[in-house]
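> With the sequence up front, the predicted model follows.
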Amino acid sequence: MSMQVKKVKPLDIPKKGGFLSYVKSEYMLYLLMVPGLLYFIIFKYIPMYGVSIAFQNYNIFNPENSTWIGFDNFSKLISQVGFQRALYNNIIISIQKLIIGFPIPIILSLMINEINSRYYKKFVQTSVILPNFVSWVVINGLMFALFSPSMGGIREIANIIGYAGDLPNLLTDKDSFQAVIVWSHVWKNAGMGTIVYLAALMGIDGQLYEAAVMDGAGRWRQLIHITLPCLKSTIIVLLMFRVGEVMYAGFDQIFAITNPMVNSVADIIDTFVYRVGLENKQFALATAAGLFQSVIGLMLVLITNAIAKKTDPESSMI
Amino acid sequence: MKKTRAEKAGMIINGLLLLLITFITIYPFWHVLMYSISNSQAASSGGLFFIPRELDLLGYRMVLKQPQLYIAYWNTIARTGVGTLISVILTAMLAYPLSLPRLRGRRFLCIAIFFTMLFNGGMIPTYILINDLHMIDTFWALVLPNAMTAYNLFIMRNYFQSIPASLEESARIDGANPITILFRIVIPISTPTLAAVGMFYGVTNWNAYLDGVLYINSNSLQILQVYLRNLFSSAGSGAVLSGVQGISETSKVTEETLKMVTISISVIPILVIYPYIQKYYTTGITTGAVKG
């Protein structure tokens, strides 16, 4: 018996020997990691090194002949009207998505949490998460079916509310397109956020509510003094993620639903990068735009994380 | 617990509001499905569709004769199947060693992987890489570039960390090596998390279209989402539709019906499957607290 115990012990205390002898004894663990690590090196880290072409006069046909030109691409970029417009749209769209899209899942989860019937609760939950499972291309098709002035469902809705005039085509109208972007984003993603908050709500100790009821607190007071404080950490973490994404206004979405008519309000940094880089083959300039985007994005994440760490140490990400 | 009248009224209003929200999320799908099985002429006046107008499956008969639809469907199924399998295996193989406190260099590797969530090379350097690897216009361009995400990796690692160490230790005493332990012990007891991560990868693969636009040029590798996108883009829809109308009996079926049929054909599998996979999805999100 005691012999066996002695045999077990060296297993959980790392040997004090050199790194090489350690690797030798645990080589199988490292072997397991080889394919995954290769993936991250090749597909994530090599492109990170690849951003160096933003500082070059990159020659597509003969990359070896590229010369270093410092920040020239960036100054060229900043002075370009097209880029300024893309940056502006990018930030405006992101901020609208944040302001409108962020509170809705919180409100929805609180509403769903108030339902007493288990079946109805399940039904609502299952429904609101449905749009999360389809692609932006499909959503583009759904919006066409609903908003097309000629054959869309919108005609009858207009009739119901007593509007008989001409209907604008929301999908090709500059004045409405950003609203289409923001609300379709909410429609697709609110369900997912709702599920996260519902999980957090489920984790709240029921005794807290019982005690509050004893003290005579109504539903509203329970919400303010128990539910919201318990959700605080989840809210801060998700808010942080969203603020960090402000530079990414939703390429997947906008690339799927955009059209030439609305370019001036829907062109964001990613669509700019796609057009300049892959359509016009100005690789260096497009890479500079992409690098500008990801550096600011990274800074935003680090700043929000630092703020979160100060206000609530539990909710910091790093 | 007794309820005041105001509380009861609040409950009813809340229930009705949620009913309205549910309607807003479900109706667009219902609309398209009902439109797709309606008679083209009867449907062309538009409006809301709660039931089909003059049930008519001619649109389906025409769209289903399209060879390119089958090619695109098959490519999507293939990339989803192969892609998800590769992704789950790679993720588990990397997550397991990273879940063990005895692994040296663990902290460094986790930070290096976490960093890929915060910063990336962007579209153009990635495109240049795929091009240099000679993967443009190959099936692998749909599978490998997004094979893993740090997020899914950490979900799996967090779950593996919660497995009692004693289980693994007893296997080691019996002489099992880490590879055997992973595949014979750790993976079999982690099926719910594996399923959740598999669903994440699967849904992402099924719905992805940017890689199909960026890296694929030939029709034989076209995926369903790109097929659909072309149908709805002003430049591409003519080509797709003339393909359909070429085989059509007459022009009795409108463009709109053909579009609605094609969307329906692409979302029906998801509408059927998602209520079942939804619960794995939920466990995935709720165990997904990321800590670097």
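Alright, I've got the coordinates.

> any idea of the pLDDT on the residue of the stretch 151-300 of chain A found nearest chain B?
Chain B sits closest to A:Gly290 of the stretch 151-300 of chain A, with a gap of 3.1 Å, by CB to the nearest CB. Yep, even glycine has a C-beta here, placed from its N, CA and C like the rest. On pLDDT, A:Gly290 comes in at 95.

> Can you give me the buried ones in stretch B:62-72?
B:Met62, B:Val63, B:Gln66, B:Gln68, B:Leu69, B:Ile71, B:Ala72 (16 or more other CB atoms under 10 Å in any protein chain shown).

> Return the residues in contact with the nearest residue to B:Ile223 once chain neighbours are set aside.
Once flanking residues are discounted, B:Ile223 sits nearest to B:Gly212: 4.3 Å by CB to CB, 6 or more residues apart in numbering or on different chains. By CB atoms under 8 Å, 6 or more residues apart in numbering or on different chains, the contact list for B:Gly212 reads B:Leu142, B:Gln222, B:Ile223, B:Gln225, B:Val226.

> ranges for the strands of chain A?
In chain A, the strands defined using DSSP state E lie at A:56-57, A:67-68.

> ditto for the stretch 51-200 of chain B
In the stretch 51-200 of chain B, no strands are found when defined by DSSP state E, counting those that start in this stretch.

> shaky segments in it?
The model of the stretch 51-200 of chain B has no residue with pLDDT under 70.

> so what pLDDT did residue 3 get?
Assuming you mean chain A. Confidence score, pLDDT, at A:Met3: 40.

> Oops, wrong one, chain B.
68.

> same thing with A:Lys9?
Predicted confidence (pLDDT) for A:Lys9: 43.

> before we move on, what about the one 5 residues further on?
Per-residue confidence (pLDDT) for A:Pro14: 51.

> Could you count how many residues lie near the residue of the stretch 151-300 of chain A closest to chain B?
Other residues lying near A:Gly290 total 27 when counted by other CB atoms under 10 Å in any protein chain shown.

> Cross-check the contact I'm expecting between it and A:Thr271.
No. Using CB atoms under 8 Å, A:Gly290 is not in contact with A:Thr271; the gap is 11.8 Å.

> Rounded mean pLDDT for the helix or strand where the residue nearest to B:Ile223 lies, please.
B:Gly212 belongs to helix B:210-215 when assigned by DSSP states H and E. Confidence over helix B:210-215 (mean pLDDT, whole number) is 95.

> same deal with stretch B:18-34?
Stretch B:18-34 comes out at a mean pLDDT of 95.

> Let me know whether it sits next to chain A.
Yes. Using CB under 8 Å from any CB of the partner chain, stretch B:18-34 reaches chain A at B:Leu18, B:Ile21, B:Thr22, B:Ile24, B:Thr25, B:Ile26, B:Pro28, B:Phe29, B:His31, B:Val32.

> Identify those among the residues you listed that sit within strands.
Using DSSP E, no member of those falls in strands.

> which of those residues tops the neighbour count?
B:Val32 leads the residues of stretch B:18-34 next to chain A on contacts (other CB under 10 Å) with 24 neighbours.

> A:Ile60 versus B:Tyr127, what's the distance?
11 Å (CB to CB, to the nearest Å).

> Also B:Ser38?
Separation of B:Ser38 from A:Ile60 (CB to CB): 50 Å.

> Tell me which of these two has more neighbours.
B:Ser38 (22 against 12).

> Is that one bridged to anything, and to what?
Beta-bridge partners recorded for B:Ser38 (DSSP bridges): B:Leu55.

> Quick check: pLDDT value at it.
Confidence score, pLDDT, at B:Ser38: 91.

> and if you look at A:Ile307?
84.

> Could you list the low-pLDDT ranges of chain A?
A:1-17, A:314-318.

> May I see the domains of it written out as residue ranges?
Using automatic domain parsing, the domains assigned to chain A come out as A:2-63, A:71-315.

> residue boundaries of the helices in the stretch 101-250 of chain B?
B:106-118, B:123-132, B:140-143, B:150-161, B:165-173, B:178-180, B:187-189, B:191-207, B:210-215, B:224-232, B:237-246 (DSSP state H, counting those that start in this stretch).

> Many thanks, we can stop here.
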